[in-house]
Every structure is written in C-alpha cells, then in structure tokens.
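# Provided below for reference: sequence and predicted model.
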Amino acid sequence: MKDYLSFYASYPCLEAQSILDVLRVARRGLVLEEICDRVEQGQRTARNILEKLIEEGKVSKSGEFYYFAEGD
C-alpha cells in the first residue's frame, strides 16, 4: 500500500476518494496524465473522467479493472 500512496502522492490533482478507481487502471501513468489534464480543465472526479474515457473508446473496463483500449 505504501507504493500506491507514494505513487498517488505524485498526482495531487486527483481527489482522495478516486484513488481506488485510478489504481485499477492499467498503464497508470498515461491515464493519470490525461485525468489530471481533464481535472485542470474543470471536470469533477477521476471516476467521471474514467467513464468519459470509456465512452470515447480510450479505456475499456473488464470486471473491476480498467485497461487502455487496443491500439493506445
């Protein structure tokens, strides 16, 4: 858990309640950069942004895990 917390700490733009969603994302660094960009543009939570990325076809969800879509 310590590794997750130190990893999360490098992305202070995310809300604490969103950490579990974010930690389920494959290739986390790339997803987090996009999430942080969108947070700065005024979107609310990492969960909402992940749902938007799924709608855009950039991220897919399988069970409780999120993955970059094929080709990214």
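Yes, it's here.
# from here on, contacts and neighbour counts on C-alpha atoms
OK.
# Residue 53: what's its closest spatial neighbour, skipping adjacent residues?
Leaving aside its sequence neighbours, residue 53 sits nearest to residue 59 (CA to CA, 6 or more residues apart in numbering; 5.5 Å).
# Torsion angles phi and psi at the one you found?
Here is the backbone geometry of residue 59 (degrees, to the nearest 10): phi -130, psi 140.
# looking at it, it is touching residue 35, isn't it?
No: taking contacts as CA atoms under 8 Å, residue 59 lies outside contact range of residue 35: 11.8 Å.
# joint contacts of these two?
In terms of CA atoms under 8 Å, 6 or more residues apart in numbering, residue 59 and residue 35 are both contacted by the residues residue 50.
# Which one of the two is surrounded by more residues?
With neighbours defined as other CA atoms under 10 Å, residue 59 and residue 35 compare such that residue 35 has more, 24 against 20.
# ok but the more buried one is inside a helix, no?
Yes: assessed with DSSP: H, G, I helix; E, B strand; the rest coil, residue 35 lies in a helix.
# What degree of burial does residue 45 show, as a neighbour count?
Neighbour number of residue 45 under other CA under 10 Å is 19.
# can you tell me the helix or strand for residue 61?
Applying DSSP states H and E as the criterion places residue 61 in strand 59-62.
# Thanks a lot, see you next time.
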